[in-house]
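K.L.:
Let me see the structure of the following:
(2 chains)
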Protein chains: 2
Amino acid sequence: MNTELIYLDHAAATPIDPRVLAAMQPYFSDAFYNPSSPYAPAIVVRRDYDEAKHTLAQAIGAKPDELIITAGATESINLAFHSVSGHVVVPSIEHHAVLAAAKQHDHTIVAVDPKGMVSAQTIKDAITEHTQLVSVAIANNELGTIQPLRDIAQVIRIEREQRLARGDTTPIYLHCDASQGVGQLDINVARLGLDMLTLNSGKMYGPKQVGLLWAASHVHIEPLIVGGGQERGLRSGTENVAGVIGFAKALSLASEHRKFESERLAKLRDRLHQRLAEAFPAAVFSGHQKHRLSGHLHVSFPNIDGERLVFALESRGVLVATGSACAANKGTRSHVLTAIGLAPEVADGSLRLTLGHASNDETIEKAGIILIEEIQREYARTQA
Amino acid sequence: MNTELIYLDHAAATPIDPRVLAAMQPYFSDAFYNPSSPYAPAIVVRRDYDEAKHTLAQAIGAKPDELIITAGATESINLAFHSVSGHVVVPSIEHHAVLAAAKQHDHTIVAVDPKGMVSAQTIKDAITEHTQLVSVAIANNELGTIQPLRDIAQVIRIEREQRLARGDTTPIYLHCDASQGVGQLDINVARLGLDMLTLNSGKMYGPKQVGLLWAASHVHIEPLIVGGGQERGLRSGTENVAGVIGFAKALSLASEHRKFESERLAKLRDRLHQRLAEAFPAAVFSGHQKHRLSGHLHVSFPNIDGERLVFALESRGVLVATGSACAANKGTRSHVLTAIGLAPEVADGSLRLTLGHASNDETIEKAGIILIEEIQREYARTQA
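P.N.:
Have a look, this model is predicted:
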């Protein structure tokens, strides 16, 4: 990355960590063998691949043979939804991948509170006797709001027990998209009470188009992609060994540095928050201010054109987002901001600032100064 | 790759070409931005990504907006089959991905001749009024036999015209899996008369888990993976920019060196063929001896245990396959060899030798000596 740029869009993409790339490097051109080949060098590759899956499993408190390696979170989410046939329940602020997959089923989209929080009660109310899947992201990618997954898991558990008690065998699963927040939250599938979990290497300093779906052994997975029978027949295709080695390294590093990095980012974020709040008393900070990813800062400047601001900031070397990268590219208003009830004139002046490895005292200090100058300039312009 | 090993399994996996890796390198940690982000460095990444797609399209005589980037051939094949609902026709020797995808439909599996050749007439006979897809690999991955795709395309064209003439709007498409043979055959979608084409980066010295499905503009593609709307909504998920840059570089290199490399490999392969034929008059060479990929040599030694032979050769540093890597891993007899009618005692003594970049005069000379010694030793052992 160009070191003169101040990157505040870690939720959209992260560079591959040099340690991750170093771990991957041998598998590009040296240990490139097909892990299904019978000779020893390929068997070594198979072993390394399996070890990487073991590392991934361990990091989330799961068993390696419960993991299905995919080409990223979007595929994992689609695979989770493809595995159920009945009604599904999802919050309105989920990522487009979850919303699009839900819309292929009989579905209920539930509202969230103004902080972007999903309540377990709302989920409970939306569950019908036909519901087979509830999918809730661990944290919202725009606001950073962390969801009460344990409470939601409790609702699912009770529903499951009630069905069992009345002899109803319709399964009901809780899937969690944890693409965001892996470096900042403890993702233990048992502690969270999940049945399925999606992880994405590309948002945690690992390679892109690599992800996984964890599914507890009681979940019946219906493959989306069939063929050579890789991943226990649940996801065919010659394995991306280098990618999975990198993914495992990235997740290990995230787990190892989680506490330190999470506290470090929260401190930097809070400082930036404070400076912007002082400079712009009318600024609206969205997302739950306590239960929020430590690198996320969502702020709206009423009556300012957020897109213009992104370009003004870019000309000063500060890279930020107006919304999630996918929505931003389409020039439509963020569905998340609409869902939390932000007025259009507030929503349209939004910035999503997401801190990460590239953030430090110096860059955040400098970003604060530039942000304040450019926002003041925009206000001066619009009021002229 | 360990230079002391003689790698004769290029059909199972290829190392990433150093030039491909060099092209990818900047996109891992520097130009890592999400191509959907709005700021200039991300727009540059988007442009580079689009240029890579342009290069890929040009290499196959297609338009860039007819390409859908996927996570490899298996996904591309699944996407092609997912886009039709009616009857499908596939030859019995197709890759497992094609056979498995076909089995999700009403399907007819057609026989091939003893050389592994599919005849256009057989395809014609299998087409019913409900047939919507015919899928034929450009060359068989075990035997190397090259299929008469132009003749098959002609059959499809006539069927389409007849349907049109009688007012039947049922579509019929020809899909070709060209995972094998890209470095040796001219893959021009118009000249071949295709409607859909699958390519795989991982078998042509590019990165693994990267591929594409080309679909002519008249083909209606039904997405398998929905979400953020990437790839014109036909395949969602944050783009693997580094992977696609590498894929484009790999395909460019393959196209550029095709004629030279194809002739070079054919010469080496023919020499090896001749040596084995002279040493073992009972050896059975399968696949079409004229219409065959120039790097492929499929040979069976009756009453020899092919798997034992693979291990014996490995101990001498020569890496070969008994069948395709997926099937080999399952310890079952190759469906391809069964389909061409090889007797079990012949099929079980098979080696698939596939030459490629790592092959040269010296390695092939040495491989020939070692092969002859080890096969003689196996014959001596079994006859003892």
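
K.L.:
Tell me how many other residues crowd the residue nearest to A:Thr131 when sequence neighbours are not counted.
P.N.:
Leaving aside its chain neighbours, A:Thr131 sits nearest to A:His87 (4.6 Å; criterion: CB to CB, 6 or more residues apart in numbering or on different chains). Backbone N, C-alpha and C define where each C-beta goes, glycine included. By the measure other CB atoms under 10 Å in any protein chain shown, the count of residues near A:His87 is 21.

K.L.:
can I assume A:His87 is in contact with A:Val134?
P.N.:
No. Contact criterion CB atoms under 8 Å: A:His87 and A:Val134 do not qualify, at 9.9 Å.

K.L.:
Would you mind measuring from the residue nearest to A:Thr131 to chain B?
P.N.:
From A:His87 across to chain B, the span is 18 Å (CB to the nearest CB, to the nearest Å).

K.L.:
and A:Asp48, how far is that from A:Leu234?
P.N.:
21 Å (CB to CB, to the nearest Å).

K.L.:
what does the domain assignment say about chain A?
P.N.:
Following automatic domain parsing, one finds the domains of chain A at A:6-14+A:258-383, A:18-253.

K.L.:
Could you export those as a markdown table, including distance to B:Asp361 and mean pLDDT?
P.N.:
A markdown table is the format used below for the domains of chain A (distance: least, CB to CB, whole Å; pLDDT from 0 to 100):
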| stretch | distance to B:Asp361 | mean pLDDT |
| --- | --- | --- |
| domain A:6-14+A:258-383 | 46 | 93 |
| domain A:18-253 | 22 | 97 |
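
K.L.:
of these, which approaches B:Ser286 most closely?
P.N.:
domain A:18-253 (19.5 Å; CB to CB).

K.L.:
burial measure for A:Ala126, as a count.
P.N.:
A count of nearby residues for A:Ala126, using other CB under 10 Å, gives 20.

K.L.:
I misspoke; the intended subject was A:Ile109.
P.N.:
Neighbour count of A:Ile109, defined by other CB under 10 Å: 17.

K.L.:
before we move on, what about the one 4 residues further on?
P.N.:
A:Asp113 is surrounded by 14 other residues when neighbours are defined as other CB under 10 Å.

K.L.:
so it touches A:Ser119, yeah?
P.N.:
Yes. Counting by CB under 8 Å, A:Asp113 touches A:Ser119, with 6.8 Å between them.

K.L.:
Ignoring the adjacent residues along the chain, who's closest to A:His257?
P.N.:
That would be A:Gly183: by CB to CB, 6+ apart, it lies 7.4 Å from A:His257.

K.L.:
Contacts only, for that neighbour.
P.N.:
Applying CB atoms under 8 Å, 6 or more residues apart in numbering or on different chains, one finds that A:Gly183 lies in contact with A:204-205, A:254, A:257-258, A:261-262, A:295, A:356.

K.L.:
Please repeat the previous calculation with a cut-off of 10 Å.
P.N.:
By CB atoms under 10 Å, 6 or more residues apart in numbering or on different chains, the contact list for A:Gly183 reads A:10, A:14, A:203-205, A:250-251, A:253-255, A:257-258, A:261-262, A:265, A:293-295, A:356-357.

K.L.:
among these, which ones are buried?
P.N.:
A:10, A:14, A:203-205, A:250-251, A:253-255, A:258, A:261-262, A:265, A:293-295, A:356-357 (16 or more other CB atoms under 10 Å in any protein chain shown).

K.L.:
coming back round to it: could you check which helix or strand contains the residue nearest to A:His257?
P.N.:
For A:Gly183, there is no enclosing helix or strand under DSSP states H and E.

K.L.:
Look up how far A:Leu253 lies from it.
P.N.:
Counting by CB to CB, the gap from A:Gly183 to A:Leu253 is 8 Å.

K.L.:
can you list residues touching both of the two?
P.N.:
The contact sets of A:Gly183 and A:Leu253 overlap at A:204-205, A:261, A:357 (CB under 10 Å, 6+ apart).

K.L.:
Which members of those residues additionally contact chain B?
P.N.:
Residues of the shared contacts of A:Gly183 and A:Leu253 in contact with chain B (CB under 10 Å from any CB of the partner chain): A:Tyr205.

K.L.:
Looking at the shared contacts of A:Gly183 and A:Leu253, spot the one nearest chain B.
P.N.:
Closest to chain B out of the shared contacts of A:Gly183 and A:Leu253 is A:Tyr205 (9.0 Å), distances taken as CB to the nearest CB.

K.L.:
What are the neighbouring residues in contact with that closest one?
P.N.:
Neighbouring residues of A:Tyr205 by CB under 10 Å, 6+ apart: A:10, A:14-21, A:182-183, A:246, A:249-251, A:253-254, A:356-357, B:29, B:32.

K.L.:
can you give me the strands for the stretch 251-384 of chain A?
P.N.:
Secondary structure of the stretch 251-384 of chain A (DSSP state E, counting those that start in this stretch): strands at A:284-286, A:296-300, A:318-319, A:350-354.

K.L.:
Dump these to JSON lines, plus distance to A:Cys176 and mean neighbour count.
P.N.:
Below are those laid out as JSON lines (distance: least, CB to CB, whole Å; neighbours: other CB atoms under 10 Å in any protein chain shown):
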{"stretch": "strand A:284-286", "distance to A:Cys176": "22", "mean neighbour count": "19"}
{"stretch": "strand A:296-300", "distance to A:Cys176": "18", "mean neighbour count": "26"}
{"stretch": "strand A:318-319", "distance to A:Cys176": "29", "mean neighbour count": "25"}
{"stretch": "strand A:350-354", "distance to A:Cys176": "20", "mean neighbour count": "27"}
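
K.L.:
of all the ones you listed, which lies closest to B:Tyr379?
P.N.:
Closest to B:Tyr379 of the strands of the stretch 251-384 of chain A is strand A:350-354 (CB to CB; 66.3 Å).
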